[in-house]
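Visitor: Turn this into a structure:
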Amino acid sequence: MALANAERLDWQLTPVNFMPLFALAALLYESPWVAERYAAINKFIVSVDAMLMDPVVYSIIMNAREFSAADAFQSQYLRQDLSRKIKKTFGRFDALLLQIDSVGENNRLGTYTHFVNFLDWTALAIPADWREDGLPFGITLIGVVCEERRLLPLGRRWLSDWPRLLGATCVDYQEKSSSLLVDVDVIPIAVVGAHLSGFPLNKDLISRGATLGAQLSTLPQPQHQIIK
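Guide: Presented below is the predicted three-dimensional model:
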């Protein structure tokens with residue numbers, strides 16, 4: 001259904017082979033790069049009882065101790081080789097539209113996003129529709145480095161085509177078409193987890209010029225209403 005909607009918006013769709021992207025994505029947690037995670041929380045992870053951490057997360061991070069410096073260089077060479085091939089193959093597209101298979105790879109979080117980390121690409125997640133079991137699903141638009149201004153108008157075009165529910169709420173909303181061409185110098189983003197103020201990855205935002213606009217918390221589900 002999402003692909004049909006894209007064609008209705010006059011987006012030209014071209015199937016491509018994602019195997020190089022999958023190979024690159026595998027490096028994030030299955031290679032010496034996991035040592036970056038270990039280094040970020042090294043003092044914490046060695047000072048707490050392993051039972052206090054999620055066992056999957058703990059095992060992935062602690063696996064960093066099994067890699068050598070030689071392994072790190074070999075993975076770096078592989079990353080550079082894959083990156084060259086990927087940029088040559090995908091450089092002719094305005095954006096990649098990813099719709100995860102709800103039966104297969106949807107069960108592996110990050111399958112279609114981990115490679116974005118290594119390539120420094122830009123990704124925009126967009127709510128798409130509802131599955132037959134009543135759960136929502138979305139698509140992801142991916143562009144090259146610093147392509148927010150290319151992807152945001154595409155996302156707004158998608159969202160302005162028909163009304164949809166805001167997440168798990170009962171609020172109907174439709175993006176205004178008049179906002180499609182708005183160009184802004186500052187892009188507001190919401191972060192969670194380790195990117196919050198005082199946490200290890202907050203420095204990745206601050207070092208790029210980000211400033212804290214507001215601290216928010218989740219709200220109870222509102223009653224049904226229509227936003228016009």
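
Visitor: what comes up buried for stretch 113-127?
Guide: For stretch 113-127, burial by neighbour count (16 or more other CB atoms under 10 Å) applies to 113-116, 118-119, 121-124, 126-127. (C-beta placed from N, C-alpha, C; glycine too.)

Visitor: for stretch 80-97, same thing?
Guide: 82-83, 86, 90, 95-97.

Visitor: can you tell me which of those lies nearest to L28?
Guide: L82 (12.2 Å; CB to CB).

Visitor: who touches the closest one in this structure?
Guide: By CB atoms under 8 Å, 6 or more residues apart in numbering, the contact list for L82 reads 20, 23-24.

Visitor: Relative to the helix or strand containing I126, what are the paired strands and their orientations?
Guide: Assigned by DSSP states H and E, I126 belongs to strand 122-130. Each strand paired with strand 122-130, and its direction, by DSSP bridges: strand 136-143 (antiparallel).

Visitor: what's downstream of the longest helix seen in the chain, the next helix or strand?
Guide: What stands out as the longest helix in the chain, according to DSSP state H, is helix 69-90. Following helix 69-90 in sequence order, the next helix or strand is strand 96-98 (DSSP H and E).

Visitor: on contacts alone, who are the packing partners of that following strand?
Guide: Where contact means 3 or more CB pairs under 8 Å, 6 or more residues apart in numbering; DSSP states H and E, strand 96-98 is packed against strand 136-143.
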